[in-house]
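Novice: structure, please.
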Amino acid sequence: MRILYFGDIVGENTIKVFQKHLEEIKKEYKINIALCNAENVTNGKGLSFKHYKALKSLGFSGMSMGNHTFSKKEIKEYIDEATVVRPANLNTEYGKDVLYIKYNDKTIALVNMLGRVYSNTPLDCPFKTMDKLLNNIKADYIIVDFHADATSEKKAFFYDFSGKVSAVLGSHTHIQTSDEEVYNNTCYITDMGMCGPKKSVIGDDVESIIKRFRTGIFDPLVVSNDDNFIINGVVLDLNDNENKIIRFTKFYKLED
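Specialist: All right, here's what the predicted structure looks like:
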């Protein structure tokens with residue numbers, strides 16, 4: 001099975017890029033299923049129902065989230081029924097801690113986890129949470145989107161669960177890393193990267209971010225309005241014998 005997984009999608013204009021180019025990317029890599037991290041779609045924080053439906057209509061089979069899962073309150077109204085998985089170690093009654101996706105005779109279990117290093121959010125231990133989930137998951141393949149700041153936490157999680165899950169894919173830092181590997185048949189990358197405006201600071205307006213660093217005043221962030229886009233992600237080849245991962249980067253102009 002060949003799976004396309006896009007890193008954090010930032011801003012609603014990125015949906016327009018996918019509307020024009022997703023199918024050609026899927027054809028290029030001969031993709032069976034497309035997944036994405038969607039926690040930064042709506043104004044850079046959260047996922048509105050409108051934008052969830054837009055991504056769904058493009059053919060995304062599953063969407064993972066992160067620390068901005070509930071930044072848009074309306075998600076509580078639809079997340080239980082949506083093809084969205086929220087962080088399993090986040091203490092909430094809303095949403096799924098495992099999203100099951102079927103393709104032909106195979107089942108994928110998509111898991112989302114939040115890292116605790118540098119986090120101000122009360123979270124359960126991602127390692128112990130994953131232990132519990134593995135006791136109950138029934139699937140051919142298990143993919144974990146590990147949404148975290150610390151590279152060490154992601155790498156430790158990968159080694160701890162290598163051989164037990166099919167892939168551990170890092171997200172949240174928005175900069176694609178070049179450390180993809182397979183160990184004990186588990187695919188790994190520290191960060192899949194970002195899908196969003198190229199001239200930006202991890203998706204946000206450059207001048208606003210520079211002002212934050214220079215003054216220490218945290219005005220509300222604004223998604224960059226650059227019309228050049230970078231699209232990052234990975235392709236997973238999952239089978240019973242040898243799993244593989246490759247990373248990719250694409251560049252598009254919005255009006256192309």
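Novice: now do the SS call for M113.
Specialist: Under DSSP: H, G, I helix; E, B strand; the rest coil, the three-state class of M113 is strand.
Novice: burial count for the closest residue to K164 other than its chain neighbours?
Specialist: Once flanking residues are discounted, K164 sits nearest to L134: 6.2 Å by Cβ to Cβ, 6 or more residues apart in numbering. For the C-beta atoms, the positions are set from N, CA and C on the backbone; glycine is no exception. By the criterion of other Cβ atoms under 10 Å, L134 has 14 neighbours.
Novice: which of the three states applies to E23?
Specialist: Recorded secondary structure, E23: helix (three-state DSSP).
Novice: picking that back up, check contacts around the residue nearest to K164.
Specialist: Contact partners of L134, counting by Cβ atoms under 8 Å, 6 or more residues apart in numbering, are I142, K164, V165.
Novice: got a winner among those for most neighbours?
Specialist: Neighbour counts for the contacts of L134 peak at V165, which has 26 neighbours (criterion: other Cβ under 10 Å).
Novice: can you tell me, leaving aside adjacent residues, what's nearest to that residue?
Specialist: With Cβ to Cβ, 6+ apart as the criterion, V165 has its nearest non-adjacent residue at 4.1 Å, and that residue is I142.
Novice: kindly report the same for C36.
Specialist: Spatial nearest neighbour of C36, excluding adjacent residues (Cβ to Cβ, 6+ apart): F6 at 4.1 Å.
Novice: now do that neighbour, the pLDDT please.
Specialist: Per-residue pLDDT puts F6 at 98.
Novice: distance of it from D191?
Specialist: 12 Å (Cβ to Cβ, to the nearest Å).
Novice: buried sites along stretch 160-168?
Specialist: Buried residues in stretch 160-168, counted by 16 or more other Cβ atoms under 10 Å: F161, S162, K164, V165, S166, A167, V168.
Novice: do the same with stretch 217-226
Specialist: Applying a neighbour-count criterion of 16+ other Cβ under 10 Å, one finds L221, V223, S224, D226 buried in stretch 217-226.
Novice: pLDDT on it, on average?
Specialist: For stretch 217-226, the mean per-residue pLDDT is 91.
Novice: now it, how far from the chain's geometric center?
Specialist: From the chain centre to the centre of stretch 217-226 is a distance of 21 Å (Cα atoms, centre = their mean, to the nearest Å).
Novice: quick revisit: neighbour-wise, which of F6 and D191 wins?
Specialist: The residue with more neighbours, out of F6 and D191, is F6; 27 against 24, by other Cβ under 10 Å.
Novice: ok, the more buried one to M192 distance?
Specialist: Taking Cβ to Cβ as the measure, F6 and M192 are separated by 7 Å.
Novice: joint contacts of those two?
Specialist: N37, N232, G233.
Novice: for the second one, what are its contacts?
Specialist: Applying Cβ under 8 Å, 6+ apart, one finds that N232 lies in contact with F6, G7, Q176, M192, G193, M194, C195, R247, F248, T249, K250.
Novice: surely the residue nearest to C36 is in contact with Q176?
Specialist: No. Applying Cβ atoms under 8 Å as the test, F6 and Q176 come out as separate, 11.0 Å apart.
Novice: which residues do those two both contact?
Specialist: M192, N232.
Novice: ok, back up a step: looks to me like the residue nearest to V165 is in a helix.
Specialist: No. I142 sits outside any helix when classified using three-state DSSP, being strand.
Novice: could you pull up the contacting residues of it?
Specialist: Taking Cβ under 8 Å, 6+ apart as the contact definition, I142 lies against I108, A109, V111, L134, K164, V165, S166, A167.
Novice: ok, so of those, who is nearest S48?
Specialist: V111 (23.6 Å; Cβ to Cβ).
Novice: G203 contacts M194, correct?
Specialist: Yes. When contacts are counted by Cβ under 8 Å, G203 is listed as touching M194 (5.9 Å).
Novice: neighbour count for the two, which is higher?
Specialist: It is M194, of G203 and M194, that has more neighbours when counted by other Cβ under 10 Å, with 29 against 24.
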